[in-house]
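>>> Would you be able to build a 3D model of this:
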Amino acid sequence: MSEKEQVTLELEEHVIAELQRRADAAGCTIDDIVEAILQHHLAPDDRPPNKVAISAMEEAGRGGLASFASVEDLMTDLNDEPHRQSLAAAKSDHAADDQAFVDAISGPEPMPRLSSVRVVDGRKIEVTWAQGRRAGQVDVINLTDVLGRFKVYRPLLADDALFATARLTEEGHVVKWADPPFELTADLLEHESEKSAEK
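Next up is the predicted model:
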């Protein structure tokens, strides 16, 4: 067995908070999640498929897998409670790594997704949540602090016309502004909404 080396990551506070929430829900640590994600993405290509993967490949060969008309239909199916339970219950030869990866990615609830976005005034947007912890709610989010934290977003602070180009992309998982492309994820916006609600 190879020795482990320590790696230091610099993450934003909201990312650490989300990782901690998911780690608590999965009964593991942030280190476990980061290690599982890295192992999953950096695993050698010759890692043998586990029993669940073999079963899925056999089912696909028989033509037994579902197909979807759109990415939204696929995401709806993936966020179905029975599907999420089957992912959580899946056991494999690589159970610890695979389960930590599934828990880290899917977490205890669906990924946040927006159904609408519109610019209100100043650097505020009004968003309607389609899924996630704030599903069904409408929030007005002041983005002044978020945009001011990173130099790359500062043109959005300086240019009213550019800020007014806000629109949804990636099936509602991203708010995007016109050229040059600026993006904020629904996950970050959910965090900002919750932070504002706590004040």
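>>> list the buried ones in whichever strand or helix holds Thr76?
With secondary structure defined by DSSP states H and E, Thr76 is part of helix 71-78. By neighbour count on 16 or more other C-beta atoms under 10 Å, the buried set for helix 71-78 is Met75. No exception for glycine: its C-beta is placed from N, CA and C like everyone else's.
>>> Now find how far off-centre it is within its chain.
14 Å (C-alpha atoms, centre = their mean, to the nearest Å).
>>> what does stretch 13-33 give?
Worked out by C-alpha atoms, centre = their mean, stretch 13-33 lies 13 Å from the chain centre.
>>> export it as PDB, just CAs?
C-alpha atoms of stretch 13-33 as PDB (Å, rounded to 0.1, in the frame of the first residue of the first chain):
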ATOM      1  CA  GLU A  13     -15.900  29.600   3.200                       C
ATOM      2  CA  HIS A  14     -19.200  28.700   1.600                       C
ATOM      3  CA  VAL A  15     -17.600  25.700  -0.200                       C
ATOM      4  CA  ILE A  16     -16.200  24.400   3.100                       C
ATOM      5  CA  ALA A  17     -19.600  24.900   4.800                       C
ATOM      6  CA  GLU A  18     -21.300  22.900   2.100                       C
ATOM      7  CA  LEU A  19     -18.700  20.100   2.200                       C
ATOM      8  CA  GLN A  20     -19.100  20.000   6.000                       C
ATOM      9  CA  ARG A  21     -22.800  19.800   5.700                       C
ATOM     10  CA  ARG A  22     -22.600  16.900   3.200                       C
ATOM     11  CA  ALA A  23     -19.900  15.200   5.200                       C
ATOM     12  CA  ASP A  24     -22.100  15.300   8.300                       C
ATOM     13  CA  ALA A  25     -25.000  13.900   6.400                       C
ATOM     14  CA  ALA A  26     -22.800  11.100   5.000                       C
ATOM     15  CA  GLY A  27     -21.200  10.400   8.400                       C
ATOM     16  CA  CYS A  28     -17.700  11.100   7.200                       C
ATOM     17  CA  THR A  29     -15.200  14.000   7.100                       C
ATOM     18  CA  ILE A  30     -14.400  16.600   4.600                       C
ATOM     19  CA  ASP A  31     -11.000  14.900   4.100                       C
ATOM     20  CA  ASP A  32     -12.900  11.600   3.200                       C
ATOM     21  CA  ILE A  33     -15.000  13.500   0.600                       C
END
